[in-house]
Each structure stands twice: as structure tokens, then as C-alpha cells.
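*Asks:* Have a look at this prediction, sequence included:
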Amino acid sequence: MTLLDCEESLSGSTQESFILLVDDDEPSLRQLSEVMSRAGHRCVTALSATDAQAFCGSQAPSAVVTDLCMPGIDGQTLGCWLRDRFPRLPIILMTAQTLNVEESKILYRTFNEIVFKPLDPDHLLGRLSEMTPKASVGKNPEGGS
Amino acid sequence: MTSIGVDGLSNALLSIASDEDQIALLHHHLDRYCHRFRNRLNSMKLCLYLGKKTAGESETPQSVWRELEARYRVLESLVEQFQHFCRPFNVTPMELPMGSFLEELRRAWLHRLSEKEIDFELVPPHHPVKSYLDPSRMAQGLDALACWRGSVIPPGSSILLSWWEEEGSVYLGWEEPEPNLSAQADPTEELQANIALPILARILNAHGGTLEVSSQECFELHLRWPSLPVTSSLKNEIF
């Protein structure tokens, strides 16, 4: 599994909440992680949906921000996989594509929010704060710890 | 066709604005490139955001950040407009009184134009004109035009927008009575929106209409489209 810029050791199960960022565009992923970290979020980054799935096999993030178009498993498939496992998990989709109304409607069945690249960092941070209140630190989206 | 304030890209896109096959080809070939480019822009925007957050105010003058952000926005806007030009779209024309349609646009533009003390005036015809058009698409095209002209003409200029019906067509005239001085405008501002004409031309083409820019000293633009709905379904479906 290739994970970048883990803020803390990821070996074993973490009891603290963290946001999982998934994007095959490495520079964007690294910078987004930096933006999130500076805003006080703990982040784990994955360069592919496969890496993200492997990581979520043992731990539940407090939120996920994933890209749509990625080689191999795409963001939509990853979103559906996460939604099956964690029904209340906030999942944000980011995309560099333009979406028509019908495509957006379908994606909103799985994702809580769709944001477009180039991202507006303040908007994204604002939405994440709404979805993952500080009080949830230490709890996973299923309500356990 | 004049080259007043219109650069090479805009001219190139204007030349194919009525050729849907060419636009589809362009979309096919450049869509993946645009996707990659947006990823690069995303990285650049995040870097700018981080740079601004981490730099102390005393270290980097605010004017430098403002210029960096302005230049970044030029790139983002150009890619956005280019994708807008190439993207497949439909038009859904409906009957509308031109006067109220344009008055609504005027109100939306007023703030932006008044910031540069640009006087914008509607010149209504003697008799009310109704037109079949897609209000959302046509507003997008005219908004791109207003944004572009508003950014390139000097402060204190004036714009006259007139409309009339003649021989089964609706005409819309955009006139800037003062001599064109767009060469004096900020080149980054000019670049920002100057594929407005191809965007507008394509929207007009979808309405069965045409666009003409005068070759005179002053900027004049005339749009024309049929008064009645275009019956051919091909005009309403663009692929």
C-alpha cells in the first residue's frame, strides 16, 4: 500500500479521527493534505482507490475526499464501496471533469458533496468542518471508537 | 471580421464556431488534455493558497499576491471558457419579450460596469419585440461578451445595446461609440475573457443565427437569429 504524508504512524488501529484523501495526482494530493493539516485535520493520503480500500479494511476514516477519475478503480466505485461499509461516512467527490445534471444526480446518491478542480480550499474546509465536527474526534462514522 | 481586441485563439475558434463536426473533434482530442490541465491548475491554486497562508504579511507585499492570483485566474478562466466552447449542449428556445430579457441582464451587469464608470444603455425599438431563444444559453453568451468588453474598454466609455425585428429575424446591436482603445487595457484582463465571441457565436449558431463584428474603428457587434423557432431539430441538438 502506498500512503503519503501520514501525519502520524498508521500501523495498527488509530483511535483518533482522520480524513482520508485519495487522488492519483500526487502534487495535488500532497498540497491538499498540507492545506487540511494546517486547518487542524489529521490526514491520510492514498494515491489509488485500491490503497484507500486496503487502508479502510482495518480503520474507518471520519471523512473521505476522493478524486473521480483515477486509473484502476475510479472514485465512483470507491464511493459506493465506502458507502456500503460506512453508511454515514461523509464522502466528498472532487473532479476535474465537467458533469451534466444527470451525472451529478447519480453521483449525489453516493457522495455528500461534489467539488470541482481547481478546488476552493476554504469551501472544502468549510464543508468538511460541517460534516466532521470537532466533537467527533475519537469516534468513527459508525458511532464506535 | 475585425481583429479589434480579438486574439489568435479567439479568431481560430470563431472560424469553426458554426462547424459542429470540427468542434466535436476538438472536444474529443483536447478533453483529456483539459482534464490534465485542470489538475495542474488545481495544484497551482493549492500552492498559491498555502503560500499566502504561510508567508508573513511583511515578507510578501499584498500586491504581489494579488497579481499572482489575478494571473492564476486568467489561466483558470481561459480553460473554463475553452471547455465551455467545446462542450456539447442543447438549446431550448422559448418565446420571450426581448425588452425584459435584456433589462434583467442589464441589472446583472450594472454593478460590474459601473465599477469602471462604464455607461450601459438599452435602446429599445419603437415596437416591442418577442423572440424565441434559450434564455439561459443566450444569457451565458451575452454575459461572456459583457465581461470581456467591460474588462477591455477604458473607464468612462459607453455601451449601447439596441434590438429590433426585421424580415423574420431579431437583431441585437452592441455598439461602443468611442474609438476602440483596447490596446491600452491590461493584457491579463483582455486575455481573461476574449474567447467570449466564439462562445457567443456558437450559442447563436445553435439558435440558427449569426454574429458579425464591424471592421470600423469603433467596436460594433451585430447578432441575428430567426424570429420564429427553428424547426430543424438539428439546430437544437448539438453533438
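*Replies:* That came through, no problem.

*Asks:* Compute the number of surrounding residues for residue B:171.
*Replies:* For residue B:171, the count of nearby residues is 18 (other C-beta atoms under 10 Å in any protein chain shown). Glycine gets a C-beta too; all of them are placed from N, C-alpha and C.

*Asks:* so is it in a helix, a strand, or just coil?
*Replies:* strand (DSSP: H, G, I helix; E, B strand; the rest coil).

*Asks:* Tell me if I'm right that it and residue B:164 touch.
*Replies:* Yes. Using C-beta atoms under 8 Å, residue B:171 is in contact with residue B:164, at 5.4 Å.

*Asks:* so the residue nearest to residue A:127 when sequence neighbours are not counted bridges to which residues?
*Replies:* Setting aside the residues directly before and after it, residue A:127 is nearest to residue A:113 in space (C-beta to C-beta, 6 or more residues apart in numbering or on different chains), at 5.4 Å. In this structure, residue A:113 bridges to residue A:92 when assessed by DSSP bridges.

*Asks:* Can you give me every residue that contacts residue A:113?
*Replies:* A:90, A:92-93, A:127, A:131 (C-beta atoms under 8 Å, 6 or more residues apart in numbering or on different chains).

*Asks:* Between those residues, which sits nearest residue A:25?
*Replies:* residue A:93 (14.5 Å; C-beta to C-beta).

*Asks:* Per-residue pLDDT of the nearest residue to residue A:119 once chain neighbours are set aside, please?
*Replies:* Excluding the flanking residues, the one nearest residue A:119 by C-beta to C-beta, 6+ apart is residue B:42, at 5.8 Å. If you check residue B:42, the pLDDT there is 95.

*Asks:* What number of neighbouring residues does residue B:42 come out with?
*Replies:* Neighbours around residue B:42, by other C-beta under 10 Å: 24.

*Asks:* One more: residue B:110?
*Replies:* 12.

*Asks:* could you list every residue that touches it?
*Replies:* Counting by C-beta under 8 Å, 6+ apart, the residues that residue B:110 touches are residue B:120.

*Asks:* What distance do you get for the residue most central in space within chain B to chain A?
*Replies:* Nearest to the mean C-alpha position of chain B, by C-alpha atoms, centre = their mean, lies residue B:144 at 2.3 Å. To chain A, residue B:144 is 16 Å away according to C-beta to the nearest C-beta, to the nearest Å.

*Asks:* How far off centre is stretch A:41-49?
*Replies:* Distance of stretch A:41-49 from the chain centroid (C-alpha atoms, centre = their mean, to the nearest Å) equals 7 Å.

*Asks:* Span of that stretch from start to end?
*Replies:* 21 Å (C-alpha to C-alpha, to the nearest Å).

*Asks:* What of stretch A:114-130?
*Replies:* Using C-alpha to C-alpha, first and last residues of stretch A:114-130 are 15 Å apart.

*Asks:* so for that stretch, what's the average pLDDT?
*Replies:* Across stretch A:114-130, the average pLDDT comes to 95.

*Asks:* could you point out which element follows the lowest-mean-pLDDT helix or strand in chain A?
*Replies:* Sorted by mean pLDDT, DSSP states H and E, the helices and strands of chain A end with strand A:3-4, the least confident at a mean of 48. Following strand A:3-4 in sequence order, the next helix or strand is strand A:19-22 (DSSP states H and E).

*Asks:* what about residue B:88, which SS state?
*Replies:* coil.

*Asks:* Measure how buried it is and give me the count.
*Replies:* For residue B:88, the count of nearby residues is 12 (other C-beta under 10 Å).

*Asks:* how close does the spatially most central residue of chain A get to chain B?
*Replies:* The centroid of chain A falls nearest to residue A:64 when counting by C-alpha atoms, centre = their mean (1.9 Å). Distance of residue A:64 to chain B, computed by C-beta to the nearest C-beta: 18 Å.

*Asks:* isn't that residue right up against residue A:85?
*Replies:* No. Between residue A:64 and residue A:85 there is no contact under C-beta under 8 Å: 10.8 Å.

*Asks:* Strands of the chain, start to end?
*Replies:* Went with chain A since none was named. Taking DSSP state E, the strands of chain A run over residues A:3-4, A:19-22, A:43-46, A:63-67, A:91-95, A:113-116.

*Asks:* switch to chain B, that's the one I care about
*Replies:* Counting by DSSP E, the strands of chain B are B:94-97, B:119-123, B:130-133, B:158-166, B:169-175, B:210-213, B:220-226.

*Asks:* Quick check, pLDDT for the residue nearest to the centre of chain A.
*Replies:* 97.

*Asks:* now it, which residues is it bridged with?
*Replies:* Going by DSSP bridges, residue A:64 forms beta bridges with residue A:20, residue A:91.

*Asks:* How much space separates it from residue A:81?
*Replies:* 11 Å (C-beta to C-beta, to the nearest Å).
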